[in-house]
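J.: Okay, structure incoming, though there's no sequence with it:
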């Protein structure tokens, strides 16, 4: 629970800090200012997003079945220093393991199936548990459009949400790969 320090001598700014640790140290979570009766954050220690790893996800298979996902980088949208994931995974590849940090955003542009009858879709879902079908969508961090069959899924795991997560065809066979999330150095 945050600890609110008294306002500064000018009466306009307030620091929001953590409770003292055993060592007596505290950390500033944010500093706010009140101006014209409104509060505004002027400084925060919130961990910024490190990078965006942007990928296309193309399903392959036959009518009603996905047998693999081909992932490839979208270079213009990937903001790591080498335009690759955190391990330098070469893409395109079939069902690859993708490596990201907990402060990164992974963006998956799910392409529609091109090998099926009209109306037959391949839905990609990000999940924390790939052991049982139907898959439950990821509940940690911040996620948009999960699951998706023709559009963009964006996920920021959030600080401390590390481990193996999965991208899967939302069908009865376990087709997809792993997203390995490690702490931001």
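T.: Noted; the coordinates are in hand. These numbers come from a predicted model, not from an experiment. Numbers count the residues shown, from 1 in each chain.
J.: can you list the weak-confidence ranges in the protein?
T.: 1-35, 39-49, 115-119 (pLDDT under 70).
J.: let's see 50
T.: The model of the chain has pLDDT under 50 over residues 1-5, 9, 18-26.
J.: hey, where'd the strands end up in it?
T.: For the chain, the strands defined by DSSP state E cover 3-4, 13-17, 28-35, 38-44, 52-62, 65-73, 93-94, 98-101, 105-110, 124-127, 142-144, 151-156, 163-169, 176-182.
J.: ok, how many other residues are close to the nearest residue to residue 138 once chain neighbours are set aside?
T.: In space, and not counting its chain neighbours, residue 138 is closest to residue 126: 4.8 Å by Cβ to Cβ, 6 or more residues apart in numbering. Any C-beta I mention is one placed from the backbone N, CA and C, and that applies to glycine too. Here the count is done by other Cβ atoms under 10 Å, and residue 126 has 23 residues near it.
J.: I'd assumed residue 136 was in contact with residue 126.
T.: No: using Cβ atoms under 8 Å, residue 126 makes no contact with residue 136, being 10.1 Å away.
J.: Distance check, the residue nearest to residue 138 against residue 184.
T.: Counting by Cβ to Cβ, to the nearest Å, the gap between residue 126 and residue 184 amounts to 19 Å.
J.: Show me what the residue nearest to residue 97 when sequence neighbours are not counted is bridged to.
T.: Nearest residue to residue 97, sequence neighbours excluded (Cβ to Cβ, 6+ apart): residue 178, at 4.6 Å. For residue 178, the residues forming beta bridges with it (DSSP bridges) are residue 166.
J.: Surely residue 178 touches residue 165?
T.: Yes: at 7.2 Å, residue 178 and residue 165 qualify as touching, with contact defined as Cβ under 8 Å.
J.: Comparing those two, which shows the higher neighbour count?
T.: Each of residue 178 and residue 165 has its neighbours counted (other Cβ under 10 Å); residue 165 has more, 23 against 16.
J.: In JSON lines, list the strands of the chain along with distance to residue 87.
T.: Below are the strands of the chain laid out as JSON lines (distance: least, Cβ to Cβ, whole Å):
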{"stretch": "strand 3-4", "distance to residue 87": "40"}
{"stretch": "strand 13-17", "distance to residue 87": "37"}
{"stretch": "strand 28-35", "distance to residue 87": "32"}
{"stretch": "strand 38-44", "distance to residue 87": "30"}
{"stretch": "strand 52-62", "distance to residue 87": "11"}
{"stretch": "strand 65-73", "distance to residue 87": "13"}
{"stretch": "strand 93-94", "distance to residue 87": "12"}
{"stretch": "strand 98-101", "distance to residue 87": "4"}
{"stretch": "strand 105-110", "distance to residue 87": "13"}
{"stretch": "strand 124-127", "distance to residue 87": "18"}
{"stretch": "strand 142-144", "distance to residue 87": "22"}
{"stretch": "strand 151-156", "distance to residue 87": "18"}
{"stretch": "strand 163-169", "distance to residue 87": "13"}
{"stretch": "strand 176-182", "distance to residue 87": "8"}
